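In: I'll drop the sequence and a predicted model, then ask my questions.
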Amino acid sequence: MEPAQRIRIVGWLQERLPVEALNDALGTEKRVVELAQQFRFSGDTIVKVATAALLHNCATCFSVDELRLHPDAEDPHMSDFDRMSALSLRSFAAASIARREFRVGDNETLNAIRYHATGRAGMGTVEKLVCVAHKMQQNRKNPLFLDKVMRFIHYGDPDTLDGALMYLFDSQISYDLGVNELIHPRSVEARNELLLSLKARLAEGQRRPNRVGQWSSV
């Protein structure tokens, strides 16, 4: 993104977000840019993931009650489940703020903001990169967890993002089950789609990461 646009976004965040949320946005931006560069994605992709990462939690400044009354929380992509979830409300509101305040009109960027936490079936490259970076940033104080995620990633093969995402969704779903928390249907759909895709690749003789980040093939 243009330096002036980044300065404007960071300034907006600094004025409104708690320090922890601001650091999360900046940390996620750093991680996702590093991932995209290591995979040698184009400059256009790097701009999209950086923008989405910076803005993914920009609605943290609103309470749940405020979000339910705020026009930025209304999005035609929202489900009834989303309206019950504080995390989803903030994610969709963040996409609306990105569009309204910063004139972000690219659907890949907006979808990466909307679905950075839950994922969804049919995720594109930008969404996958932002989702992985977000979940890694959330677990930044757990180096063993981060090491397990990175074992799935081979920078010569962007498809290995799927193995990392599968592990991240499995970990999140297991945690939610353990604390008796609701599991977003989109996360289940995303996880199942990834599993079917990985199984199809294995059946075709392609190599894929197994559960410990090693590679197996037929």
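Out: Sure thing, it's come through. Residues are numbered from 1 along each chain as shown.

In: so the residue most central in space within the chain versus E101, what's the distance?
Out: What sits nearest the mean C-alpha location of the chain, by C-alpha atoms, centre = their mean, is C131, with 2.0 Å. To E101, C131 is 23 Å away according to C-beta to C-beta, to the nearest Å. For glycine as for every other residue, the C-beta is placed from the backbone atoms N, C-alpha and C.

In: quick revisit: list the contacts of the residue nearest to the centre of the chain.
Out: By C-beta atoms under 8 Å, 6 or more residues apart in numbering, the contact set of C131 is 112, 115-117, 119, 123, 165, 168.

In: can you list phi and psi of it for me?
Out: phi -60, psi -50 (degrees, to the nearest 10).

In: residues in contact with stretch 3-19?
Out: Applying C-beta under 8 Å, 6+ apart, the contact partners of stretch 3-19 are 21-22, 25-26, 50-51, 54-55, 57-58, 60-61, 101-102.

In: the chain: helices as residue ranges?
Out: With DSSP state H as the criterion, the chain has helices at 3-16, 19-38, 43-55, 64-69, 80-84, 86-102, 107-114, 125-138, 143-151, 160-178, 185-203.

In: compare the contacts of C131 and tell me which is most surrounded.
Out: Counting neighbours by other C-beta atoms under 10 Å, A112 leads the contacts of C131 with 31 neighbours.

In: quick one: pLDDT of the residue nearest to the centre of the chain?
Out: Here, the pLDDT recorded for C131 equals 98.

In: next one: it from A52, what distance?
Out: C131 is 10 Å from A52, where distance means C-beta to C-beta.

In: shared neighbours, the two?
Out: 112, 116.

In: do you know how far the residue nearest to the centre of the chain is from A98?
Out: Taken as C-beta to C-beta, the span from C131 to A98 is 16 Å.

In: same check, this time on V126
Out: 13 Å.

In: what of L89?
Out: Distance, L89 to A98, using C-beta to C-beta: 15 Å.

In: what residues are shared contacts of V126 and A98?
Out: Taking C-beta under 8 Å, 6+ apart as the contact rule, V126 and A98 both touch 52, 109.

In: how many neighbours does R186 have?
Out: Neighbour tally, R186, other C-beta under 10 Å: 20.

In: what of the one 4 residues further on?
Out: Look at A190: counted by other C-beta under 10 Å, it has 25 neighbours.

In: got it, and R68?
Out: R68: 13 surrounding residues under other C-beta under 10 Å.

In: pLDDT value on the closest residue to it other than its chain neighbours, please?
Out: Excluding the flanking residues, the one nearest R68 by C-beta to C-beta, 6 or more residues apart in numbering is L89, at 7.0 Å. Residue-level confidence at L89 comes out at 92, pLDDT.

In: quick one: L89 and E66 touch, right?
Out: No - checked against C-beta atoms under 8 Å, the pair L89 and E66 is beyond contact range at 9.7 Å.
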